[in-house]
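Asker: Below is the sequence, then the predicted model.
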Amino acid sequence: MATPEAAWLRIGTRGSPLALAQAHETRRRLVAAHGVAEDTIEIVVIKTTGDMILDRALSEAGGKGLFTKELDAAQIRGEIDIAVHSGKDLPTFLPAELEVAGFLPREDVRDAWISVKYPTPADLPPGAVVGTASLRRGAMLKRLRPDVSVGLLRGNVGTRLEKVKAGEYDATLLAYAGLRRLGLADRATHVLDTRDFLPAVAQGAIGVTTRVGDAATMAKLAPILHADTSIAVAAERAFLRVLDGSCRTPIGGYATLSGGTLAFRGMVLKPDGSQVFECDAGGAASQAAEIGEAAGRDLLARMPADLFTTT
């Protein structure tokens with residue numbers, strides 16, 4: 001392994017199996033694009049606060065930044081050149097010293113249903129318990145099945161799968177992209193249609209951050225960043241930013257591109273799924289951020305101010 005001084009590039013990542021898979025995918029793409037030796041790209045594992053909090057929902061502990069702040073600090077100090085994140089874990093506001101360079105080609109955006117006994121959410125018996133750490137998934141499930149219970153299920157993908165297999169929960173929901181990246185796609189009992197389960201903003205996309213003004217690193221990244229994914233996610237993140245979305249808010253947003261046209265769908269739910277506000281927007285792909293912002297303002301104008309504070 002190259003030392004930090006000798007490394008052609010240093011990639012910062014969390015240490016979970018999925019985070020490491022994403023970092024290795026980034027390294028493989030860089031090796032293919034530049035023809036450099038794999039061992040000149042160092043993967044630096046950094047433990048984050050979010051990885052250490054397993055006894056409560058992240059919404060109760062500080063939100064998305066718990067998965068990024070230690071990586072941000074290492075990047076600002078110059079200990080790593082880039083940080084690789086699950087797009088849905090990236091806060092909408094980054095430290096002033098950092099910026100999102102872009103995103104790798106997007107994987108499948110859908111949520112996966114995992115259950116030993118029940119093929120789909122419709123098959124659950126009343127009172128069944130579905131484990132998830134996502135307020136969005138919990139609210140969308142309750143919207144469809146208000147008669148089931150949602151329990152907190154934290155931990156990495158393998159831990160969650162094993163708890164369902166052991167019967168601790170009747171089912172769980174995970175990002176299908178994560179299962180695919182881990183070689184576990186066959187563990188999905190059913191893949192949910194985005195019409196019923198709108199994905200989290202940037203779900204399935206691997207985001208890469210750099211230091212602001214680091215032109216040399218940006219030049220190295222340019223060949224592996226995917227323009228269409230970056231445009232779609234720009235609309236989604238702009239939508240989330242207007243709503244001040246975090247782990248505390250059940251929000252879904254998904255943008256698709258067809259030629260030069262972008263189509264966006266957004267949704268905000270009451271945590272118990274009893275109220276839902278939706279919007280559709282579209283326009284020129286070159287106006288992606290503006291489309292997302294306008295969609296967010298549209299929902300803000302229609303939502304009650306206490307939507308997230310009442311149950």
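Answerer: Noted; the coordinates are in hand. Numbering: from 1, shown residues only.
Asker: Contact partners for E97?
Answerer: For E97, the contact set (Cβ atoms under 8 Å, 6 or more residues apart in numbering) comprises 75-76, 211-212. No exception for glycine: its C-beta is placed from N, CA and C like everyone else's.
Asker: Which of the residues you listed sits closest to R154?
Answerer: Q75 (25.6 Å; Cβ to Cβ).
Asker: so what's the closest residue to the closest one other than its chain neighbours scoring on pLDDT?
Answerer: In this structure, Q75 finds its nearest non-sequential neighbour in A83, 5.4 Å apart by Cβ to Cβ, 6 or more residues apart in numbering. Confidence at A83, expressed as pLDDT, is 97.
Asker: okay, now D214: neighbour count?
Answerer: D214: 19 surrounding residues under other Cβ atoms under 10 Å.
Asker: quick one: it from P121, how far?
Answerer: 45 Å (Cβ to Cβ, to the nearest Å).
Asker: ok, now M218?
Answerer: 43 Å.
Asker: Just want to know which of these two has more residues nearby.
Answerer: Shown here are M218 and P121; by other Cβ under 10 Å, P121 has more neighbours (21 against 17).
Asker: quick one, what contacts the more buried one?
Answerer: 113, 130, 141, 144-145, 148, 171, 192.
Asker: Just list whatever residues bridge to I114.
Answerer: T172 (DSSP bridges).
Asker: Hmm, E162 and it touching each other?
Answerer: No: in this structure I114 lies outside contact range of E162 using Cβ atoms under 8 Å: 10.7 Å.
Asker: Please tell me I have it right and the residue nearest to Q75 contacts V208.
Answerer: Yes: with contact defined as Cβ under 8 Å, A83 counts as touching V208 (7.3 Å).
Asker: Which of these two has more residues huddled nearby?
Answerer: A83 (27 against 24).
Asker: Show me where the protein has its strands.
Answerer: 9-13, 41-45, 82-86, 98-103, 111-114, 129-132, 149-152, 171-175, 190-191, 206-211, 251-258, 261-269, 276-284 (DSSP state E).
Asker: now those strands in JSON lines, with distance to V242?
Answerer: As requested, these are exported to JSON lines (distance: least, Cβ to Cβ, whole Å):
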{"stretch": "strand 9-13", "distance to V242": "29"}
{"stretch": "strand 41-45", "distance to V242": "34"}
{"stretch": "strand 82-86", "distance to V242": "21"}
{"stretch": "strand 98-103", "distance to V242": "17"}
{"stretch": "strand 111-114", "distance to V242": "24"}
{"stretch": "strand 129-132", "distance to V242": "25"}
{"stretch": "strand 149-152", "distance to V242": "27"}
{"stretch": "strand 171-175", "distance to V242": "24"}
{"stretch": "strand 190-191", "distance to V242": "29"}
{"stretch": "strand 206-211", "distance to V242": "19"}
{"stretch": "strand 251-258", "distance to V242": "11"}
{"stretch": "strand 261-269", "distance to V242": "10"}
{"stretch": "strand 276-284", "distance to V242": "11"}
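Asker: ok, S86 - contacts?
Answerer: 18-19, 22, 67, 175, 178, 202, 206-207.
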